[in-house]
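Asks: quick one: sequence and predicted model below, then my questions.
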Amino acid sequence: MSTQPTRKALLGLYGATLRAARSFKSYNFRNYFLQRTKDNFRTLLASIPNAENDPDKVSRAYELAVGELAVLKRSAIVNHLYAGPPLPIERQGVAKGNV
C-alpha cells in the first residue's frame, strides 16, 4: 500500500506538467495539453478532501499523472524535432492589419 501524496507534491507535479505542456512548439498541441493538464489536476485536487474514504485512489491518480508527465516530456521533444513553421496566430509583434 502506497502513501498518499501531499498537497505540496501534487502542486509540484502540476507545475512540472504545465512546464512540459508549455514546451511544445505546436500551438494546437501546446494549448490542448495546457487545458488537459488544468482539467486533470482540478479534479485530482478536488478529490483530496474525499480521500479519507479511499486514500489509494489519490495515490493511483498521482502515479498515473507521474507517468503522463514522462510521456508528455518525450512527446514535447519529438514535437521540437518535427515542428512546422509557426501559425499566423502565434506571430509576435505583428500589428493588426499588417499581416
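Replies: Sure thing, it's come through. Since we're looking at a predicted model, the values are computed, not measured. Numbers count the residues shown, from 1 in each chain.
Asks: quick one: contacts for the residue lying closest to E90 once chain neighbours are set aside?
Replies: Spatially, and ignoring its direct neighbours in sequence, E90 is nearest to Y27 (5.1 Å; C-beta to C-beta, 6 or more residues apart in numbering). (Glycine included, C-beta is placed from N, CA and C.) Shown in contact with Y27 (C-beta atoms under 8 Å, 6 or more residues apart in numbering): 86-87, 89-90.
Asks: widest-spaced pair of those residues?
Replies: The span of those, defined through C-beta to C-beta, is set by P86 and I89 at 8.5 Å.
Asks: those two: which is more packed in?
Replies: Neighbour count, other C-beta atoms under 10 Å: between P86 and I89, P86 has more, with 12 against 7.
Asks: show me the contacts for the more buried one.
Replies: Contacts for P86 were tallied using C-beta under 8 Å, 6+ apart; they are Y27.
Asks: tell me the SS of it?
Replies: With DSSP: H, G, I helix; E, B strand; the rest coil as the basis, P86 sits in coil.
Asks: low-confidence regions, this protein specifically.
Replies: Scanning the chain for pLDDT under 70 picks out the ranges 1-2, 50-53, 93-99.
Asks: thought F41 was touching G15?
Replies: No. Counting by C-beta atoms under 8 Å, G15 is not a contact partner of F41; they are 9.8 Å apart.
Asks: how far off centre is the helix ranked longest in the chain?
Replies: Counting by DSSP state H, the longest helix found in the chain is helix 55-81. Here helix 55-81 shows a centroid-to-chain-centroid distance of 8 Å under the convention C-alpha atoms, centre = their mean, to the nearest Å.
Asks: not counting sequence-adjacent ones, nearest residue to S23?
Replies: In space, S23 is closest to A76, 4.5 Å off (C-beta to C-beta, 6+ apart).
Asks: one step back: F41 and G15 - which one has more neighbours?
Replies: Applying other C-beta under 10 Å to F41 and G15 shows that F41 carries more neighbours, namely 19 against 11.
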